[in-house]
Every structure is written in structure tokens, then in C-alpha cells.
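Student: Okay, sequence plus prediction incoming.
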Amino acid sequence: MQTQLPTAFLDTDAGREADAILRSCVHCGFCTATCPTYQLLGDELDGPRGRIYLIKEMLEGAPVTPKTQLHLDRCLTCRACETTCPSGVRYGRLLDIGRERVEQVVPRGLWDRVQRRLLLAVLARRSAFKPLLAAARLVRPLLSSSLQSRVPDKRAAGVWPAAKHARRMLVLQGCVQPDAIPAINAAAARVLDRQGISLIAVNDGCCGAMAHHLSAAELAHEHMRRNIDAWWPEIERGVEAIVVTASGCGAMVHEYGELLRDDSAYAAKARRVSELYRDLSEVIVAASDGASTQTRPLRIAFQSPCTLQHGLKIRGAVERLLRQRGFQLVPVADGHLCCGSAGTYSLLQPELSQQLRQNKLEALGSGSPDVIASANIGCMLHLQAGTGTPVRHWIELLDGAAEELPPPQPSPASQGSGKNYTANGKWGHSSFRLISLRK
């Protein structure tokens, strides 16, 4: 693709990077076939190719309008297009550059600004999220069915093994996961303990992904620096790796080195963090002792998060681990498509998000699974809000949680006015009317 970016912009790091990405695009359109929003809306501007053209024109000096902002906001940043692209276009990075430019020139409405600031103030700060979640659980019976479905059940984490092994690894706690589903990291600690690895948690926080994808770059960098500071003493003591159990956070930690490359005080440390980063599945696969002799009757539908398969390029590892442990995996159609969670997307783009969730739950439920497994906290909470089938992190299943799963129940949302996906893999028959998105 030919470009004519202004010289002043080309003289910046972002300009040179954007120009190289744009020139790598050959306009073939393969990406549209795997873009979730294009599949729903059928609008070229709501697909990667159209958004690339919008960003190109904007960076070349064309007027930037609220319509430009709308089409970029509708992108899930799922990066399925990057997996499909034969030219290796780094669409996700180009989108970051484009969104930052839009934020500079297109003012958002009051409610939009307030909503985004609240999300960053609450969801990205554990000190704010923890009491809010506790309050929501306390008044949950008084909430509407749709709000009840968004409040995760409280589940005990269980025992975290004492650090006693020579092999030691750090684990990212993050912002939402420690209080929403503390059992995930605790299960990881127990599984790794049985494999001779001690998992160590320190006082870290949000990985920075939420702020980064809301174009709050400096806040995202602050979160990254804080985590690096929290991890660095253990890194100097020789921890073997930094393990992340949420693939959405992992994709961000994996990029610390790139995102902080211009920070003279943290560039070298950030590179070291990225080098030490490991997704939990990579660690378990490396330490795996082969297949189990036990066959488990539990039927599992695995939802591979976009950040795992498209962002981190890790495909098939979790499925192999589950099969090795004797679980039965049911087929899931269109496994490359996003579930609609995408960080804050489910809150900022609820109509699109809910339709994507319905499509994903239909695909996951086609094989009548006993449980849905995932690898990302955001996807888990989003999916569980729409189904009565238990949704668990795959490491919980390896840890033995399968034997304690409750029987499938009707989704809380299905008790309201909606056509909701139920535990038996069928659609309910209530009066929900799909909102047309072709406007």
C-alpha cells in the first residue's frame, strides 16, 4: 500500500512504525473473513481493511470525525486478522497508533469520558474493585437478573503451598482476578507445586492492558513500571519465569519490552520482564509427565481466548493438556472468533458484545459440554453471565476442581426478558429481540 504521511510525522517513531505497517498491507481482504465485527455488521469500515484505510487517511491529514472514532472503537482488538494475514500486517499496533491520534483530535461526550475514567479508576485498581465487588455480592439478591449475572459467585481459593522448591516462579496477581476468582492462581500454585515449582505472588497490580487499550498510554506505563518495581527484587534473586494465568494480561506483559523501549529508566528491566514472561500453559507443558491413565467422563468445551491464540500465538497447548489428563473435549465451531469480552469492550459496546457472546455460547454448547473452560478471566466472567453451564479456568480442572463442579443451572440472565443460552446447549424461548446493528 502506498503512503504519503507528512514528513513531520514520519520523523517520529510512531510515524515510521505506522508507515512500515501500512506499506506491508496488500489490501487482499483475507482479514475480513475472520473479523468478528465485519461478520456481524457487513460494513467494510468495521473490518480490518477498512479500518486500515481510515487510519491511513487520518495520518495523511484527512479530517478525523466521530464516525472515524466509532469504527475504531468497534474493533475488539482480537487480532484474528493478524493470524489470517498472509503479509504479517501488525494491525494491533497500527490500531493503537490510530486510536491515540483520534483521542487527540475528536472530543468524546461527557458520559463517554466519565464511563472510561470510572472503568480505569475501579477495574484497574484492586483497592477500588475489591470493596465494590464485596458490596455487589452483598446486595446481589436485590439486583436485576441481568446485573446479578455480572456478579461472580464467591469461591474459596484453597491452600497456597509454601515456597519450598529450588525452582521458583513469579505469578502476576493483577487487578480483578485475585478477588473475582482467586481460585485460579491458587490452583496454578498447587499444580506447579506438584511438579516441583514454587509459585510466588508479590504485591503487583493491573498489567496495564486496560489503560493501554483505552488510549491512556501514560497510565498504562505507570502500571507497567509499578509491576516491574514489585517484581524486580525477586528477579534479582533469580526467579525462573514470570507466569501469567490470564492470557489477556499475558499478552500485555509479553510486550513490556517494546512498550517501554523509550523509557531510559525502565527499558532494560522491561526487556528482562518480557524475556521471563511465560503463559501458564507453556510452563505446564514443559513440566508435563505425559498422559494420564485415568479417563474422566467430563465433557469440556474449550474457549480459546483471542489473546492466547492470536496475541500470543499459543494454539492447541491447553487442549493437549486437558486430553492428556483424560478429559473429553467437544468440538467448537468458529473457535477463532471472539466471545465479545475484549477487556472493557463488553461494557463500552454492549450490543455487539452480547451478540458475539450468544454466537460463542451457541458454538460452545453444540457438543453439550458439562463445563466450559477458558484461559482468561475476562472471557470467563463474560461467558458465565450468559450461561448456566459452569465456566472454569483450565488450570482449575487440572487441579481437581472437576470433581466439585456444581450441576448446570439456568443462567441468571435467562430469568429476565431475553433469549439466553442455557446449560443444555439450547436457546431459551423468551421474548428477547435482537437489536439490529445495521444502522
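Tutor: The structure has been received and is ready for your questions.

Student: Low-confidence ranges, the chain, go.
Tutor: 289-293, 401-439 (pLDDT under 70).

Student: need the strands for it, in chain order.
Tutor: 167-171, 197-201, 241-244, 277-279, 299-302, 328-329, 371-374, 391-393 (DSSP state E).

Student: Could you spell out the sheet neighbours of the second one, each with its direction?
Tutor: Spelled out, that is strand 197-201. With DSSP bridges as the test, strand 197-201 is paired with strand 167-171 (parallel).

Student: Would you quantify the distance from residue 299 to residue 208?
Tutor: 37 Å (CB to CB, to the nearest Å). C-beta here means a position set from N, CA and C on the backbone, and glycine is covered the same way.

Student: again with residue 73
Tutor: Distance from residue 73 to residue 208, by CB to CB: 20 Å.

Student: now do residue 156
Tutor: 29 Å.

Student: cool, residue 157 as well?
Tutor: Counting by CB to CB, the gap from residue 157 to residue 208 is 24 Å.

Student: Which of these two has more residues huddled nearby?
Tutor: Shown here are residue 157 and residue 208; by other CB atoms under 10 Å, residue 208 has more neighbours (28 against 14).

Student: who's in contact with stretch 284-302?
Tutor: 191-192, 195-197, 317-330, 332, 364-365, 367-374, 394-395, 397-398, 402, 405 (CB atoms under 8 Å, 6 or more residues apart in numbering).

Student: And that stretch, end to end?
Tutor: End-to-end span of stretch 284-302 (CA to CA, to the nearest Å): 17 Å.

Student: How about stretch 297-317?
Tutor: Rule used - CA to CA; the end-to-end distance of stretch 297-317 is 21 Å.

Student: tell me which residues in that stretch are buried?
Tutor: 298, 300-312, 314, 317 (16 or more other CB atoms under 10 Å).

Student: What of stretch 69-76?
Tutor: For stretch 69-76, burial by neighbour count (16+ other CB under 10 Å) applies to 69, 71, 72, 74, 75, 76.

Student: Equivalent analysis for stretch 125-144, please.
Tutor: 126, 129, 133.

Student: Same check on stretch 223-238?
Tutor: Within stretch 223-238, the residues that count as buried by 16+ other CB under 10 Å are 223, 224, 225, 227, 228, 230, 231.

Student: Give me the spatial nearest neighbour of the last one, chain neighbours excluded.
Tutor: Using CB to CB, 6 or more residues apart in numbering and skipping the chain neighbours, the partner closest in space to residue 231 is residue 170 (5.7 Å).

Student: Might one say that the one you found is in contact with residue 233?
Tutor: No - in this structure, residue 170 is not within contact of residue 233 by CB atoms under 8 Å, at 10.3 Å.
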